[in-house]
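Novice: pasting a predicted model and its sequence here:
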Amino acid sequence: MPNAKKVALVTGAGRGIGLGVAQCLAKDGCDIVVCGVREPAAVADVLEGLRQLGAEVLYCRADVSDAAARAGMIGEIRQRFGRLNVLVNNAGVAPRVRADILEATEESFERLMRINLQGPYFLTQAAANWMIQQRRHDPAFEACIVNVSSISATVASPSRGEYCISKAGVGMATQLWAVRLGEFDIPVYEVRPGVIHTDMTAPVKEKYDRLIAEGLCVQNRWGLPQDVAKAVAMLVRGDLPYSTGQVLMVDGGLTLPRL
């Protein structure tokens with residue numbers, strides 16, 4: 001009998017939020033494709049940990065901003081599993097230097113657009129076309145796409161404007177893909193994390209320790225990768241089957257309007 005487990009591609013799954021997502025999906029019975037840019041040896045322990053959770057694991061060393069790398073990764077997944085049920089667009093970067101938008105460089109802007117927006121957009125295009133083929137071949141085929149963006153899609157940070165604009169673009173991409181894939185019953189969702197304790201936020205930990213202590217969030221703590229991962233896993237399980245295009249906030253109430 002063929003393996004009926006869902007195959008989930010999670011970009012940026014070598015650490016942080018992406019790793020948390022991969023772990024949750026593995027526990028839920030998915031096989032996992034980890035996309036990252038580090039040498040395989042650097043993620044060997046991560047991959048073994050996912051296997052210990054019961055998943056068959058494929059590591060694809062691919063930069064999502066590179067078209068040839070994206071195509072190569074899709075080819076690897078086809079060869080290894082022959083199917084793809086889930087795409088979680090999680091990989092993303094912050095500016096190398098936080099610069100006031102009066103002084104920020106075009107180089108930094110272009111780098112973030114390629115990695116945070118253009119790459120996921122066209123990876124979604126490739127995955128979606130394959131998912132449509134699978135759906136036509138098998139009406140029972142289940143698929144979904146989840147974009148992990150950020151509260152920075154709507155919360156302005158003038159010291160990292162390029163990051164905010166890239167995440168706002170992901171928000172519109174979510175809506176576009178949800179509309180386009182509706183006829184194929186492939187839901188597309190967006191998860192917007194708030195202040196999450198990861199490598200990306202490590203340089204500003206002291207700042208956010210203070211802000212959280214002063215009441216930045218309704219829930220008075222840092223978010224954790226597992227907080228985001230549980231939200232993604234819920235969507236992948238199909239727990240919100242009639243909510244395509246929706247944005248799920250995982251921010252401890254940070255963006256709630258308050259007096």
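Specialist: Received the coordinates, thanks.

Novice: relative to Leu47, how far out is Arg78?
Specialist: According to Cβ to Cβ, to the nearest Å, Arg78 stands 20 Å off from Leu47. C-beta coordinates here come from the backbone N, C-alpha and C atoms, glycine included.

Novice: ugh, typo on my part, it should be Lys207
Specialist: For Lys207, the distance to Leu47 - Cβ to Cβ - is 34 Å.

Novice: between those two, which is the more surrounded one?
Specialist: When neighbours are counted by other Cβ atoms under 10 Å, Lys207 and Leu47 differ, and Leu47 comes out ahead with 20 against 11.

Novice: need the contact list for the more buried one.
Specialist: Val34, Pro40, Val57, Tyr59 (Cβ atoms under 8 Å, 6 or more residues apart in numbering).

Novice: the helix-or-strand element of the chain with minimal mean pLDDT: how far from the chain's middle?
Specialist: Counting by mean pLDDT, DSSP states H and E, the chain has its least confident helix or strand at helix 205-213, which shows a mean of 94. Centre-to-centre, helix 205-213 and its host chain are 25 Å apart (Cα atoms, centre = their mean, to the nearest Å).

Novice: Glu110: neighbour count?
Specialist: 13.

Novice: from Asn116, how far out is it?
Specialist: 11 Å.

Novice: over to Thr244?
Specialist: Thr244 is 22 Å from Asn116, by Cβ to Cβ.

Novice: higher neighbour count, the two?
Specialist: Asn116 (26 against 20).

Novice: circling back: would you mark the buried spots in the least confident helix or strand of the chain?
Specialist: Using 16 or more other Cβ atoms under 10 Å as the test for burial, helix 205-213 gives Tyr208, Ile212.

Novice: using PDB, write out the CA atom coordinates for it.
Specialist: In PDB, the C-alpha atoms belonging to helix 205-213 read as follows (Å, rounded to 0.1, in the frame of the first residue of the first chain):
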ATOM      1  CA  LYS A 205      16.500  40.900  23.100                       C
ATOM      2  CA  GLU A 206      17.300  43.500  25.700                       C
ATOM      3  CA  LYS A 207      15.000  46.100  24.000                       C
ATOM      4  CA  TYR A 208      12.100  43.700  23.800                       C
ATOM      5  CA  ASP A 209      12.600  42.300  27.300                       C
ATOM      6  CA  ARG A 210      12.000  45.800  28.500                       C
ATOM      7  CA  LEU A 211       9.100  46.600  26.200                       C
ATOM      8  CA  ILE A 212       7.300  43.300  27.100                       C
ATOM      9  CA  ALA A 213       7.800  44.000  30.800                       C
END
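
Novice: next SSE after it?
Specialist: Note on helix 205-213: by DSSP states H and E, the next helix or strand toward the C-terminus is helix 225-237.

Novice: counting by contacts, list what that next one packs against.
Specialist: helix 16-27, strand 86-89, strand 144-148, strand 188-193, strand 247-250 (3 or more Cβ pairs under 8 Å, 6 or more residues apart in numbering; DSSP states H and E).

Novice: residue farthest from the centroid of the protein?
Specialist: The centre of the chain is farthest from one residue, Leu259, which by Cα atoms, centre = their mean lies 32.3 Å away.

Novice: find me the pLDDT at that residue, would you?
Specialist: At Leu259, the model reports a pLDDT of 90.

Novice: need the phi and psi values for the residue positioned nearest the centre of the chain.
Specialist: Centroid-nearest residue in the chain, with Cα atoms, centre = their mean: Asn90, separated by 1.9 Å. For Asn90, the backbone dihedrals (degrees, to the nearest 10) come out as phi -120, psi -30.

Novice: count the neighbours of Arg78 for me.
Specialist: 12.

Novice: report the contact partners of it.
Specialist: Residues in contact with Arg78 (Cβ under 8 Å, 6+ apart) are Trp130.

Novice: how about the backbone phi and psi for it?
Specialist: According to degrees, to the nearest 10, Arg78 has phi -60, psi -40.
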